[in-house]
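1. Could you work out the structure for the sequence below:
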Amino acid sequence: MNTDNTTAQLDPNRDRIFKDLSGLVSFNSPHSTPELADQHSAAADWVTAAVAEHGFEVERHPTVDNADVIIGRRAGTDGAPTVLLYSHYDIVPAGDPAAWTSDPFTLTARDGRWYGRGASDCKGNIAMHLETCLLYTSPSPRDRQKS
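-> The predicted structure is shown next:
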């Protein structure tokens, strides 16, 4: 698989991707920890707002375990295939912050990699889903605001 084209498209947007992922990583959002319910809810608010900023119609559905399901829909071009992207915004508890090289809720760049709680499971997926929507669809309202 040749990734040169993808890399060329993403490199100019690294700052935006880092900013998006930083925002989401900042939430200590394990849904399994009741005392952090406000953080989990704030992460859901962040995802809801980000999806809406990309021009999607957003529905948020509460669940019995307080892990809201967020559904974004955006009509494609006539005849285009339907695409489904799935991810989650909760995390496994970070444990002892002293055991981390850096603050688990501050996205940190080291040696060309990004570190933070949930950066690869699964908050990073959300950031890349959002970026993909910018790259492969018509300009979103968010892009128009930046121009």
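2. can we go C-alpha only for contacts and neighbour counts from here?
-> Will do.
3. so what's the backbone phi/psi at the closest residue in space to S29 that isn't next to it in sequence?
-> Closest residue to S29 apart from its sequence neighbours, by CA to CA, 6 or more residues apart in numbering: H40 at 4.1 Å. Main-chain dihedrals, H40, degrees, to the nearest 10: phi -60, psi -40.
4. For H40, give me its contacts.
-> 27-31, 67, 90 (CA atoms under 8 Å, 6 or more residues apart in numbering).
5. Okay, buried residues for stretch 117-132 please.
-> 117-119, 121-127, 129-131 (16 or more other CA atoms under 10 Å).
6. How about residues contacting that stretch?
-> Against stretch 117-132 from outside (CA under 8 Å, 6+ apart): 17, 20-21, 24-25, 28, 50-51, 54, 85, 87-92, 94, 104-105, 107.
7. mind saving the C-alpha coords of that stretch as CSV?
-> The C-alpha coordinates for stretch 117-132 follow below in CSV (Å, rounded to 0.1, in the frame of the first residue of the first chain):
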residue,chain,number,x,y,z
ARG,A,117,-4.6,8.7,27.5
GLY,A,118,-6.8,7.4,24.7
ALA,A,119,-4.6,8.8,21.9
SER,A,120,-4.6,5.4,20.1
ASP,A,121,-7.7,3.9,21.7
CYS,A,122,-9.9,5.4,20.6
LYS,A,123,-9.7,9.2,20.7
GLY,A,124,-7.1,9.2,18.0
ASN,A,125,-9.6,7.4,15.7
ILE,A,126,-12.1,10.2,16.3
ALA,A,127,-9.5,12.8,15.4
MET,A,128,-8.7,11.0,12.2
HIS,A,129,-12.3,10.4,11.3
LEU,A,130,-12.9,14.1,11.6
GLU,A,131,-9.8,14.8,9.5
THR,A,132,-10.8,12.3,6.8
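8. Tell me, what's the model's pLDDT at the most centrally placed residue in the chain?
-> The centroid of the chain falls nearest to I126 when counting by CA atoms, centre = their mean (2.9 Å). Predicted confidence (pLDDT) for I126: 96.
9. Please confirm that it is located within a helix.
-> Yes - assessed with DSSP: H, G, I helix; E, B strand; the rest coil, I126 lies in a helix.
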